[in-house]
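Enquirer: I would like to see how this sequence folds:
(2 chains)
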Amino acid sequence: MTTAQRELSNRDIAQVLLEMAALYEMEEVPFKPRAYERAAMAIAALDEPLAQRYAQGGLAALTALPGVGKSIAEHLKELLETGTFREYERLKRKVPVNLGELLAIEGVGPKMVKALWQQLGIRDLADLERAARAGQIRHLPHFGVKTEEKILRGIELLRSAQGRRLLGEVLPEARQLEATLRAFPEVEVAMVAGSVRRMRETVGDLDFLVISSQPQAVMERFVRLPVVQHVYSKGETRTSVRLHSGLDADLRVVPAASFGAALSYFTGSKAHNIALRELAIKQGYKLNEYGLFKGERRVAGASEEELYAALGLAFIPPELREDSGEIEAAQRHALPQLIDYHDLRGDLQVQTNWTDGAHSIEEMVEAAMAAGLEYIAITDHTKSLAMTRGADEDKLRRQMEAIAALNAKLRQAGKRFTVLSGAEVNINRDGSLDIDDAVLAELDVVGAAVHSHFNLPRAEQTRRVLRAMENPHVDILFHPTGRLIHRRPPIDLDIEAVIEAAQRTGTVLEINAMPDRLDLRDEYIRKCVAAGVRMAIDSDAHAVEHFRYLALGIGQARRGWAERRHIVNAWPLAQMRKMLKSA
DNA sequence: GCCGTTTTCGGCCCGACTGTTTTCAGTCG
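Expert: Numbering: from 1, shown residues only, chains lettered A, B, ... in the order given. This is a model prediction of the structure:
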C-alpha cells in the first residue's frame, strides 16, 4: 500500500446503504429497501467509526448492529475493504445517476429519478434543473406543471442550505480536529471558535485557534492531516483548507497575549464584534483580534474574561453573542444564569423498538443511566402514525405494564432510576388526539405532536394545536413547529398564541434536540423565557447513541437565554412530576 | 434482507396527500 486510502465515514457508508434502498425501490423489490434503510440508520447513529468496529470485532461486530444481518454485513465488509461492493455496482449500472444529489430534493423519490433518467437522461441536479426550467418535465407521462414547479422549489430549498451543515453533524468532527490540534507538540492551546462555539444550529465552516510559538511547524502538520483534502492558502498565522467532509476550515495561530481577543473576534458573531468594538471606542479604546488597546498599550487580550472585564462587562457566554441585548445585560450585570451542559436529570421523549426506535426499553434505560440521567419517559408513537407500528390503547397498556415491571426490577437492583410511561400522541387535523382520554390519563407523560397536515393555513393550524394543548392530559407539545432544518419549513403557527396557551394551560413546550429539528428554535425559546413558559429539552432518542444530542438542545436553550428553572427536566423527578398536568 | 414476548419461517404492518389520473402511483411520516 502506498498512500493510506481515505477511510469511509459512517455517513458515507449510510449514504451507500440508502442508495441501495432506493435502487431496490426502483426495481420494485419488496422489503429490501426497508431493510437497507434500517441498516443505514443504525450505522449513521453509531459513534464509533464502522471501520474501527469491523477491525476489532470482524463480521460478528457488524451483524450485532440492529438491522444488519449476514448479507448486509458481507456487503459492508466488501465496502470497507475495497471501497465498494459488487451488488451496489451491479444495481448502479442500471440507473447510473447521482442518486444522493437527486434524492436530496424534497418530493423526489426513487421512481421519479428512474423515470427522469430513462426519459430525459437526467443524471444530476444540474440536468434536472435545466430540464425543469426548459419545461420538459411537464410533458412526461404522470408528470405535470405542478410537479415541475415542485422540483424547482425543492432545488431552491436545497440551495438555500448555502452549504451550511447541521451542528449535530459537524460537532463531533470539530471536536476531533480540536483534539488533534491540541495533541500537536508545538501547540499550547487549541480551541474551536466560530458558530460551532456559539452552538448555532447550522455551521458554515470551522474556525480553529491555537497558541504556539512555532506557527510554521503547526501549519505544516495541519495541512498534512489525512482529513485535509485541499489547501486554499497557507501562511504564518492563517491557513485555509477544504476537508474531505466537504467543510472548509480555517486555522489561526496567535501568541498567548492575544488569545482572548482573537478567540472573541473569531467566535463572533460579526454583529456582536461590531457592537463590542463600538463600545471600546466610546471608552477610549481600540479593539481588534490582537487585544484591547489604549493608544499603543495593550490593556487586555490574553483571555476573554479579562477582555470583557476591561470593557466593564460581565463575561458573556458564546451562545449569547448575537448582539441581541447581551451587551446591555452584561453592562448591568444582569445576564441570565444559563442552564448548564450538566444540568439535565431526565429526558421526556424517548422512542424504543416498540415502534420505530432501534433499541429496547431496557437498552434505552441503560444508555440514559450512562448519560447521567435519573429518569426518562418512554414515548413511543401512536397508532395513526402507522408506518412506525404506532401503539394503540391496548399496546400502550401492555407497555405500561412492562415499564412497571422494569421499575420494580430497577428498585430491586438498588438503582436510582425511574422509567415513566408516556406516548407521542398524534394530533389529528381537528386538534383531537388519536388515543382515548381514558388511556392518556393512565400515562405519566403525554406528549402531543403534529405529524400530518403540515400545510394548514395559520388560523386553522393554530386552532388545531391549541385544542390539543387544552386537553387536560397533554403535558408537553413535542417539536412544536415540526420543522426539519433544510428540508421542511415549520408549520404555520401563531407562536405568540401557542406561548399564551402554554402559559394558560400549563403545557410544557419541547426543545427537541434532534440535530435537524432543534425545535423550538432559539428565538422562540427566548419568547418562552420572557413569558415564563416551561420547556423540556428532549433527545427524541430513537437509538442508544442519541442521548448525546441532548447537548445540542441545551446549546439551543442557552441561545434562548433559558435558565435551569425554565427547563422542567433539569428538575428533580418529584418536582418535575408536580409540574405536569396529569400529576 | 432482517428478525423472533406471534421465534427459524413467514411476516414485513398504514394512511393521507398530491398530482396525476379515470382508478392509482409516488412520496412521506
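
Enquirer: mind listing the helices for the stretch 51-200 of chain A?
Expert: In the stretch 51-200 of chain A, the helices defined using DSSP state H, counting those that start in this stretch lie at A:70-82, A:86-94, A:99-103, A:110-120, A:125-133, A:145-159, A:167-182, A:194-197.

Enquirer: In TSV: those, plus mean pLDDT, distance to DNA strand B and mean neighbour count.
Expert: Where you see a C-beta, it was placed from the backbone N, CA and C, and this is true even at glycine. Output for these, formatted as TSV (pLDDT from 0 to 100; distance: least, CB to the nearest atom of the strand, whole Å; neighbours: other CB atoms under 10 Å):
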stretch	mean pLDDT	distance to DNA strand B	mean neighbour count
helix A:70-82	95	3	17
helix A:86-94	94	6	13
helix A:99-103	92	7	19
helix A:110-120	93	3	19
helix A:125-133	93	12	18
helix A:145-159	84	4	16
helix A:167-182	92	17	18
helix A:194-197	93	25	22
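
Enquirer: Turn these into a markdown table, including distance to residue A:223.
Expert: As requested, these are exported to a markdown table (distance: least, CB to CB, whole Å):
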| stretch | distance to residue A:223 |
| --- | --- |
| helix A:70-82 | 27 |
| helix A:86-94 | 33 |
| helix A:99-103 | 28 |
| helix A:110-120 | 38 |
| helix A:125-133 | 31 |
| helix A:145-159 | 30 |
| helix A:167-182 | 12 |
| helix A:194-197 | 19 |
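
Enquirer: for those helices, which one sits closest to residue A:533?
Expert: helix A:167-182 (24.1 Å; CB to CB).

Enquirer: Pull the distance from that closest one to the chain's centre.
Expert: Taking the mean of its C-alpha atoms, helix A:167-182 sits 15 Å from the chain's own mean (CA atoms, centre = their mean, to the nearest Å).

Enquirer: Stretch A:406-414 too?
Expert: 33 Å.

Enquirer: so which of the helices of the stretch 51-200 of chain A gets nearest residue A:19?
Expert: helix A:99-103 (4.7 Å).

Enquirer: Am I right that residue A:250 sits in a strand?
Expert: Yes - looking at residue A:250 with DSSP: H, G, I helix; E, B strand; the rest coil, it is inside a strand.

Enquirer: That one pairs with what?
Expert: residue A:207, residue A:240 (DSSP bridges).

Enquirer: tell me the pLDDT at it?
Expert: Here, the pLDDT recorded for residue A:250 equals 88.

Enquirer: Identify the residues contacting it.
Expert: A:205-208, A:238-241 (CB atoms under 8 Å, 6 or more residues apart in numbering).

Enquirer: Could you check how far it is from residue A:260?
Expert: Residue A:250 is 18 Å from residue A:260, where distance means CB to CB, to the nearest Å.

Enquirer: Repeat that for residue A:242.
Expert: Between residue A:242 and residue A:260 the distance is 29 Å, computed by CB to CB.

Enquirer: Compare those two (neighbour count), which wins?
Expert: The neighbour count for residue A:242 versus residue A:260, taken as other CB atoms under 10 Å, is higher for residue A:260 (22 against 15).

Enquirer: Now the more buried one: which helix or strand?
Expert: Using DSSP states H and E, residue A:260 sits in helix A:259-267.

Enquirer: now do residue A:210
Expert: strand A:205-211.

Enquirer: Report all helices and strands that that strand contacts.
Expert: helix A:167-182, strand A:189-192, helix A:194-197, strand A:248-254, helix A:259-267 (3 or more CB pairs under 8 Å, 6 or more residues apart in numbering; DSSP states H and E).

Enquirer: angle of that strand against strand A:248-254?
Expert: 20 degrees (axes from the mean of the first three to the mean of the last three CA atoms, to 10 degrees).

Enquirer: Which SSE is immediately downstream of strand A:205-211?
Expert: Once the chain leaves strand A:205-211, the next helix or strand it forms, by DSSP H and E, is helix A:215-223.

Enquirer: The residue in the stretch 401-550 of chain A that DNA strand B sits nearest to - how many residues pack around it?
Expert: Nearest to DNA strand B in the stretch 401-550 of chain A, going by CB to the nearest atom of the strand, is residue A:451, at a distance of 4.3 Å. Neighbour count for residue A:451, taken as other CB under 10 Å: 19.

Enquirer: lowest-confidence helix or strand of chain A?
Expert: strand A:228-234 (a mean of 80; mean pLDDT, DSSP states H and E).

Enquirer: any chance of the helices and strands packed on strand A:205-211 in TSV, plus distance to residue A:145?
Expert: Shown next, in TSV, are the helices and strands packed on strand A:205-211 (distance: least, CB to CB, whole Å):
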stretch	distance to residue A:145
helix A:167-182	35
strand A:189-192	47
helix A:194-197	39
strand A:248-254	39
helix A:259-267	48
